[in-house]
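Peer 1: below are the sequence and a predicted model for it; my questions follow.
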Amino acid sequence: MGAGGRMSVPTEGKKSKPEPHQRVPHSKPPFTVGSLKKAIPPHCFKRSIPRSFSYVFLDLAIASFFYYIATNYIPALPHPLTYLAWTLYTILQGCVLTGVWVIAHECGHHAFSDHQWLDDTVGLVLHSALLVPYFSWKYSHRRHHSNTGSLERDEVFVPKQKMGLSPWAKYLNNPPGRILMLTVQFTLGWPLYLLFNVSGRPYNRFACHFDPNSPIYSDRERAQILISDAGVLAIVYGLYRLVLAKGLSWAFCVYGGPLLVVNGFLVLITYLQHTHPALPHYDSSEWDWLRGALATVDRDYGILNKVFHNITDTHVAHHLFSTMPHYHAMEATKAIKPILGDYYQFDGTPFYKAAWREAKECIYVEADENEKDKGVFWYNNKI
């Protein structure tokens, strides 16, 4: 299957090849959200507390197992092997904790249970443990879902138009420049977004996820921003005590390294979900919620799809029905794909190759000169 859900017709003796650059339709679709919902089995919308908690406990059990193995056996290894062992632990633990991050993300969407207080409690604990301000991100992420694909109102990975590129963009449009940009993006991108709204929607004043007076939030949300801050500060204080007791290098190996992997995967997943040569963006003259929600792409991360609770390969369905639990998203995706047709976008390119390609080809967006729909923008890389 290629981009936009299209199937290439195979010639005799040859395998079909995907067409990842074939643009998805940007006209108003012939279906509605209601018709898509009717195609999905009703049980897919049901949230189960025992089942939701089973994923929490499983992830935490695996993370605890990795912690036990690392702290009890890695120090006993011959010195050169310890570097390799800690690197392997960092990657494995980071992947598991990314799954924990995804469950907290589900809580923010009210997809964990039927009880908002329970969702917020679980989400606050899990996200705080990963230094994420739960309520702060919950509200900004909700606005992302409400405005996906809008050049004026989307909250994250808002592409620049050509006239908005920085003066040094042309000097970074080469392999060394892309390596530098991707390295910064996947290591510092998440904290820079939380602290300074980097890559986010432009506001008329300073925007920060830790500031209750930030323009990101409404007056009724500001008290909960303080609760988020308190949760993160509590974990920071705990880490401070841990460093005093165990040392900085130990704390980094056990917690800091895996957290960098979590942050890197978070940015990578979000980036690839919303950045693709076949995806449109819209200005206010063309944007509507359904077309914006469809301006995203499902990706294939191999075995990591399961580790990340399928947030990677069911993202289209997630944007259409964000309160649906992740453990029903695969079934829902299969149910709606025949209706979505060419509006469904999937790209099976390995994520590391896709990240490089998108960094090369998706530098800014612009409207096609000969198109009558001037409010529809597509990625370009000609600087």
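Peer 2: Thanks, I have it.
Peer 1: got the residue ranges for the helices in the stretch 1-150 of the chain?
Peer 2: 33-39, 49-73, 79-108, 116-129, 134-146 (DSSP state H, counting those that start in this stretch).
Peer 1: for residue 237, which of the ones you listed is the nearest?
Peer 2: helix 116-129 (11.5 Å; CB to CB). (Glycine included, C-beta is placed from N, CA and C.)
Peer 1: ok, back up a step: reformat the helices of the stretch 1-150 of the chain as TSV; add distance to residue 323.
Peer 2: Converted to TSV, the helices of the stretch 1-150 of the chain look like this (distance: least, CB to CB, whole Å):
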stretch	distance to residue 323
helix 33-39	11
helix 49-73	12
helix 79-108	9
helix 116-129	10
helix 134-146	10
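Peer 1: of those helices, which approaches residue 186 most closely?
Peer 2: Here helix 79-108 is closest among those (CB to CB), at 11.8 Å.
Peer 1: which parts of the closest one are buried?
Peer 2: Across helix 79-108, burial judged by 16 or more other CB atoms under 10 Å covers 85-86, 89-90, 92-108.
Peer 1: now render the helices of the stretch 1-150 of the chain as TSV, adding distance to residue 161 and mean pLDDT.
Peer 2: Output for these, formatted as TSV (distance: least, CB to CB, whole Å; pLDDT from 0 to 100):
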stretch	distance to residue 161	mean pLDDT
helix 33-39	29	98
helix 49-73	40	98
helix 79-108	29	97
helix 116-129	33	98
helix 134-146	19	97
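Peer 1: so for residue 260, which of those helices sits nearest?
Peer 2: The nearest among these, by CB to CB, is helix 79-108 at 7.1 Å.
Peer 1: which strands or helices does that closest one pack on?
Peer 2: If you count contacts as 3 or more CB pairs under 8 Å, 6 or more residues apart in numbering; DSSP states H and E, helix 79-108 packs onto helix 49-73, helix 116-129, helix 134-146, helix 257-274, helix 304-307.
Peer 1: make a markdown table out of the ones you listed and add mean neighbour count.
Peer 2: Output for the helices and strands packed on helix 79-108, formatted as a markdown table (neighbours: other CB atoms under 10 Å):
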| stretch | mean neighbour count |
| --- | --- |
| helix 49-73 | 14 |
| helix 116-129 | 19 |
| helix 134-146 | 21 |
| helix 257-274 | 22 |
| helix 304-307 | 16 |
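Peer 1: Throw these into TSV and include distance to residue 295, thanks.
Peer 2: Listed next are the helices and strands packed on helix 79-108 as TSV, based on distance: least, CB to CB, whole Å:
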stretch	distance to residue 295
helix 49-73	29
helix 116-129	26
helix 134-146	12
helix 257-274	8
helix 304-307	21
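Peer 1: of all the ones you listed, which one comes closest to residue 157?
Peer 2: helix 257-274 (4.9 Å).
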